[in-house]
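>>> please work out how this folds:
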Amino acid sequence: MPHPSPEERHQHLLAHTPRRLCEARDEGTVTVLCPRIDVPFLLRFLPQKKRFVAVRLDDLGSQVWRLVDGQRTAAQVAQALAQNANLDPEDCARRVLIHLFALRARGAVALREP
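Presented below is the predicted three-dimensional model:
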């Protein structure tokens, strides 16, 4: 079975639906409260104040966070962002994926397969 091309892989990733897993504060830019460790069982052994780390998003990351609603695909988030911010759609799609994967690595979002 041949490996997908980079363009096919990119399109497949854009078809995923992101959903938020963490709380956030929106004070102009978004600050996401991410779990300090990714093992829920161990979180309960940490003091309440040490369970989460605050991650401040930049302007683009904040806009991505606000558009993630669990219903829109990554492609729809990128399209809405490109229209709202007057950005190149292809560049915007790449940047949205970068932000989503960084948030996923922090445990802040999950990506549902198409």
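
>>> what helix or strand is residue 83 located in?
helix 74-85 (DSSP states H and E).

>>> from residue 44, how far off is residue 81?
37 Å (Cβ to Cβ, to the nearest Å). From N, CA and C alone the C-beta is placed, and that goes for glycine too.

>>> so for these two, which residue has more residues nearby?
Comparing residue 81 with residue 44 by neighbour count (other Cβ atoms under 10 Å), the higher total belongs to residue 81, at 21 against 8.

>>> just checking, residue 70 touches residue 20?
Yes: assessed by Cβ atoms under 8 Å, residue 70 is found in contact with residue 20 at 7.0 Å.

>>> who has more neighbours, those two?
A count of neighbours by other Cβ under 10 Å puts residue 20 above the other of residue 70 and residue 20, at 15 against 11.

>>> could you report the pLDDT at the more buried one?
You'll see residue 20 listed with a pLDDT of 94.

>>> hmm, back to that, mean confidence (pLDDT) on the helix holding residue 83, please.
Computed over helix 74-85, the mean pLDDT rounds to 94.
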